[in-house]
Structures are given as C-alpha cells and as structure tokens.
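Trainee: got a predicted structure plus its sequence, pasted below:
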Amino acid sequence: MTLEIKVKYFSDIEKIQKINKGDWIDLRSAIDYVGSAGEYKMIPLGVGMKLPDGYEANVVPRSSTFKTWGILQTNHFGVIDNSYSGNDDQWHMPVYFTRDTVIKKNDRICQFRITEIQPEVKFTEVDRLDEVSRGGFGSTGIS
Ligand SMILES: O=c1ccn([C@H]2C[C@H](O)[C@@H](COP(=O)(O)OP(=O)(O)OP(=O)(O)O)O2)c(=O)[nH]1
C-alpha cells in the first residue's frame with residue numbers, strides 16, 4: 001500500500017525524494033542560520049503537508065545532528081497533527097544551540113515518519129491492578 005502525502009514547499013529547498021518502505025524521511029533547513037551557544041530558534045523546514053486521514057507525523061533529530069551542529073531539539077519528539085495542514089502551516093524544528101554553529105539552507109537537520117493516530121481511549125478507575133508488580137526502575141538488573 002502506498003499512501004499519498006500532499007506537500008507544499010515554502011522555499012526553493014531540494015524536494016523530498018521517494019523513499020523506501022520503513023525509512024524515515026530527512027527534512028532540510030529552509031534557511032542559512034548562524035546560531036550562538038545558548039540560543040533558542042525555530043528553524044523553518046520549508047514544507048507543509050496534508051497527511052493521509054488517520055495519520056500524524058513525528059519529527060526527531062537525525063543521529064548525526066548533535067555531532068554535526070551541536071543542536072538539540074527542544075521538544076525532543078515533534079508531533080505534527082493531521083489538522084496542521086493549512087496553507088500557512090510550515091513545519092519547524094525547535095532547537096537549542098549548545099555551541100556557536102552555522103546551519104546552511106538544505107542541511108538535513110532532522111527526519112520524520114508518519115504514524116497512525118492513537119485510537120480514542122477512555123479511562124476506567126480501578127482499586128487494584130491484577131498483574132504481577134515488576135518493581136521500580138532498574139529492578140531487573142543490568143546483566
Ligand atoms: O516539532 C514540531 C512540533 C509541532 N509543530 C507544529 C505542528 C503541530 O501540529 C503544531 C502544534 O504542535 P503541538 O500541538 O505539539 O504544540 P502545542 O505546544 O501543544 O501548541 P498548540 O496549542 O498549537 O497545540 O506545531 C512543528 O512544526 N514542529
């Protein structure tokens with residue numbers, strides 16, 4: 001099954017290529033930006049999308065992003081809602097600069113995938129949970 005994503009480009013960055021099933025899709029900075037240590041900046045990614053019905057998108061840094069630019073994604077795991085699909089809804093990566101660095105337009109600073117939206121859930125309060133208690137963090141040991 002191939003899902004269609006409508007994409008609008010907000011600048012003349014390189015276009016997203018067709019990707020293989022399972023791959024995350026790299027996203028590019030839409031601007032040249034000189035960042036200073038300690039600075040926070042929303043970096044525009046130059047794209048807006050209409051995702052398939054029932055899907056959202058998740059944006060994370062690439063594995064090499066911190067090593068290359070010294071930036072951290074401040075929300076750690078970006079959630080692009082399906083409804084974020086208006087004509088002005090450009091995707092951004094919120095970043096914190098740990099050092100002075102230069103990001104160039106078209107640099108591939110993060111990646112995304114689409115994922116099914118969480119189904120509707122309801123919460124039912126109970127007095128006890130019937131499964132075996134596992135213990136606290138780290139209680140299963142290290143070996
Ligand atoms: O890394 C991100 C995270 C979010 N967004 C956009 C898409 C998303 O749909 C919108 C709102 O994000 P979110 O719901 O996480 O933000 P919020 O802080 O809860 O604000 P809001 O009141 O707009 O929901 O911002 C991005 O461009 N990049």
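Mentor: Good, I have the coordinates.

Trainee: model confidence for I142, exactly?
Mentor: Looking at I142, its pLDDT is 69.

Trainee: to clarify, my last question referred to L72.
Mentor: 98.

Trainee: same check, this time on G22
Mentor: The model's pLDDT for G22 equals 85.

Trainee: ramachandran angles for it?
Mentor: Backbone geometry at G22, expressed as degrees, to the nearest 10, gives phi 100, psi -20.

Trainee: ditto for W69
Mentor: phi -120, psi -10.

Trainee: once you drop chain neighbours, what's closest to it?
Mentor: T101 (4.9 Å; CB to CB, 6 or more residues apart in numbering). C-beta: built from backbone N, CA, C; applies to glycine.

Trainee: so what's the gap between stretch 113-125 and the chain middle?
Mentor: 18 Å (CA atoms, centre = their mean, to the nearest Å).

Trainee: next one: stretch 123-132
Mentor: Taking mean C-alpha positions (CA atoms, centre = their mean), stretch 123-132 and its chain are 33 Å apart.

Trainee: contacting residues for the single nearest residue of the chain relative to the ligand?
Mentor: Residue of the chain nearest the ligand, by CB to the nearest ligand atom: G78 (2.4 Å). By CB atoms under 8 Å, 6 or more residues apart in numbering, the residues touching G78 are N58, V59, V60, M93, P94, C110, F112.

Trainee: and those, which are buried?
Mentor: For these, a burial check counting by 16 or more other CB atoms under 10 Å picks out V59, V60, M93, P94, C110, F112.
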